[in-house]
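Colleague: Whatever this is, show me its structure:
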Amino acid sequence: MIEARQGELKRTFNRMMSEVVRTGRCCGCSMCVVTCPYGVIKYNPLSTSPYIARPKAGSYSCPISEEIGCDVCANACGRLGTAYMKPIRAEEMDVWVFGRKRQEYEPCGVKRFVCIGRSTNPATVSNAQDGGAVTEILRCAFHKGLIDGAAVAGPSDKLWLNPVPRVVTSAEELTKTAKSWYTYCATPMALKEAVDRYGLKKVALVGVPCEISGYATALGSDTGFITAERGEKNVERQKRHLKQYVESVQLTIGLFCAGTFVFDGFIREYLYEKLGIKPEEVVKINIKGKLIIELKGGEKIETPLAEAKAYQRPQCGYCADFSAEHADISAGGIGLSGWTMLVIRSARGERIFKHAVESGYLEIKPVSEQGINLLKRFVYAQRKRAEEHYIRILHKK
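Modeller: Numbering: from 1, shown residues only. Sure thing, here's the model as predicted:
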């Protein structure tokens, strides 16, 4: 329940703008833009943050919120909790998504089991990031009729390295979006397009942890804050926009993420100016304790990861979620080559995963104890980093 209880703050537009956007905590997940009933909030991909397109007074003022009341956007913001300068608690999201809180034996979030997997198709593996497991799960879901579209990140028409939100409407299109990009892309914008433009009813959402958290927040939001005084048409419109996009989602796949890079800094300053790599020559980037850049022609260039981290988006420091803890299936290639670690978290995630295995899309193996320990190490490190960031920003206040 989002409705404020004693000692808790309501989640309002003004709080979201002052505590999240102005302070630099906004991750740019775009769920506030996706759910805005009036098209007031827009998204700037260059700054990866929302802005008010038609401000009444100043860039942080929403005329709709002030005149009739709204706050739908704030109730889809995972970084705006009911306590001052605090995000939604992970355990609260657990209940919204899985119907229960995580147990002591689940240090990396609610789960059913963990394994490693890869596509049974060598062509998919060679084209994918790490094993092609995500691609094959989506392919199976399309073929089984479980989804009619997927909201993903894919290469822009101008530059492969610049990811943009894409709506995939068939299994055949998946190959074009099989790899990972390390500069930020607001994938939920494709979810909005899938529903508004294509009229899709059964959508898969593939995103990094902050985007999955935005989905979980909108899914779990109680519409009780939308009062009758706003007028019948506004009440219906606000309730519909808060829920219609997330209710179209039939599968969420979360990608392990320790942070993404600023596009201009990473691509132009680091790759092009410092390393002398032409962006248009890059066909794949991967991180395996170091940065691995593959070029057309097969050449690989390896550089220290610490150098690239200088270009990481500062807002990523506030994220405590490495392993996409509120996805149906979480996936990543940590400690693996040619395989994907898969954390199966929900009943529907397990059902679709089993379809992929039993129908021959995936081959799987048990995950090693070393792999589990590596996952825990990343999870704990990210939580510690986020806690330190919040301590610093609260100290400044």
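Colleague: Okay, and residue 253 sits in which element?
Modeller: strand 249-255 (DSSP states H and E).
Colleague: Mean confidence (pLDDT) on that strand, please.
Modeller: Regarding strand 249-255, the rounded mean pLDDT is 98.
Colleague: With just CA atoms, put that strand into CSV.
Modeller: Provided in CSV are the C-alpha atoms of strand 249-255 (Å, rounded to 0.1, in the frame of the first residue of the first chain):
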residue,chain,number,x,y,z
VAL,A,249,3.5,-7.0,-19.1
GLN,A,250,3.5,-10.8,-19.0
LEU,A,251,7.2,-11.3,-18.4
THR,A,252,10.0,-9.1,-17.0
ILE,A,253,13.7,-10.0,-17.6
GLY,A,254,16.1,-8.0,-15.5
LEU,A,255,19.8,-7.6,-16.5
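Colleague: how distant is the next helix or strand after it from the center of its chain?
Modeller: Sequence order places helix 263 as the next helix or strand after strand 249-255, per DSSP H and E. Averaging C-alpha positions (C-alpha atoms, centre = their mean, to the nearest Å) puts helix 263 17 Å from its chain's average.
Colleague: Tell me who's in contact with residue 183.
Modeller: 161, 162, 163, 260, 261, 262, 263, 266, 267 (C-beta atoms under 8 Å, 6 or more residues apart in numbering). To be clear about C-beta, it is placed using only N, CA and C from the backbone, and glycine gets the same treatment.
Colleague: how deep is the residue nearest to it when sequence neighbours are not counted tucked in, by neighbour count?
Modeller: Excluding its sequence neighbours, the residue lying closest to residue 183 (C-beta to C-beta, 6 or more residues apart in numbering) is residue 263, at 4.4 Å. Neighbours of residue 263 under the rule other C-beta atoms under 10 Å: 22.
Colleague: Thought residue 159 was touching residue 263, still the case?
Modeller: No: Residue 263 lies out of contact with residue 159 (C-beta atoms under 8 Å); the separation is 9.7 Å.
Colleague: quick one on the thing from earlier: of the contacts of residue 183, which is the nearest to residue 121?
Modeller: residue 163 (23.5 Å; C-beta to C-beta).
Colleague: quick one: contacts for that closest one?
Modeller: Residue 163 sits next to 153, 154, 155, 156, 181, 183, 184, 185 when contact means C-beta under 8 Å, 6+ apart.
Colleague: Tell me the buried residues within those residues.
Modeller: Buried members of these, scored by 16 or more other C-beta atoms under 10 Å, are 153, 154, 155, 181, 183, 184, 185.
Colleague: Do you have the helices of this protein handy? List them.
Modeller: 13-15, 31-35, 63-67, 90-98, 122-127, 133-143, 188-196, 209-220, 232-247, 263, 305-309, 347-358, 369-396 (DSSP state H).
Colleague: For the fourth one, name the packing helices and strands.
Modeller: Meaning helix 90-98. helix 209-220 (3 or more C-beta pairs under 8 Å, 6 or more residues apart in numbering; DSSP states H and E).
Colleague: Just give me the closest of the contacts of residue 183 to residue 204.
Modeller: residue 163 (17.0 Å).
Colleague: Look up which residues are beta-bridged to that closest one.
Modeller: Beta bridges link residue 163 to residue 155 when assigned by DSSP bridges.
Colleague: close enough to count as contact, residue 198 and residue 166?
Modeller: No: using C-beta under 8 Å, residue 198 is not in contact with residue 166, being 11.8 Å away.
Colleague: what's the spacing between the nearest residue to residue 8 once chain neighbours are set aside and residue 75?
Modeller: Sequence neighbours aside, residue 82 is the residue nearest to residue 8 in space, at 3.8 Å (criterion: C-beta to C-beta, 6+ apart). Distance from residue 82 to residue 75, counting by C-beta to C-beta, to the nearest Å: 11 Å.
Colleague: which residue of the protein sits farthest from its center?
Modeller: Residue farthest from the centre of the chain, counting by C-alpha atoms, centre = their mean, is residue 229 at 34.3 Å.
Colleague: what residues are up against it?
Modeller: residue 69.
Colleague: Next one: it, what pLDDT does it get?
Modeller: Residue 229 is assigned 91 on the pLDDT scale.
Colleague: Look up how far residue 65 lies from it.
Modeller: Counting by C-beta to C-beta, the gap from residue 229 to residue 65 is 14 Å.
Colleague: Likewise for residue 391?
Modeller: The value you get for residue 391 to residue 65, if C-beta to C-beta is used, is 31 Å.
Colleague: out of the two, which sits in the more crowded spot?
Modeller: Remark: of residue 391 and residue 65, residue 65 carries more neighbours, 22 against 10, as counted by other C-beta under 10 Å.
Colleague: show me what contacts that one?
Modeller: Neighbours of residue 65 in contact, by C-beta under 8 Å, 6+ apart: 12, 13, 14, 71.
Colleague: Now for the residue nearest to residue 343 when sequence neighbours are not counted, how many residues are close by?
Modeller: Excluding the flanking residues, the one nearest residue 343 by C-beta to C-beta, 6+ apart is residue 330, at 4.0 Å. Neighbour count of residue 330, defined by other C-beta under 10 Å: 29.
Colleague: same check, this time on residue 76
Modeller: Around residue 76 there are 31 residues (other C-beta under 10 Å).
Colleague: Surely it touches residue 243?
Modeller: No: Residue 76 is not in contact with residue 243 according to C-beta under 8 Å; the separation is 9.9 Å.
Colleague: Wait, the residue nearest to residue 8 touches residue 15, no?
Modeller: No: with contact defined as C-beta under 8 Å, residue 82 does not count as touching residue 15 (9.8 Å).
Colleague: Which residues are in contact with each of the two?
Modeller: Contacts common to residue 82 and residue 15, judged by C-beta under 8 Å, 6+ apart, are residue 9.
Colleague: By mean pLDDT, point me to the weakest helix or strand of the protein.
Modeller: None of the helices or strands of the chain scores lower by mean pLDDT, DSSP states H and E than strand 49-52, at a mean of 77.
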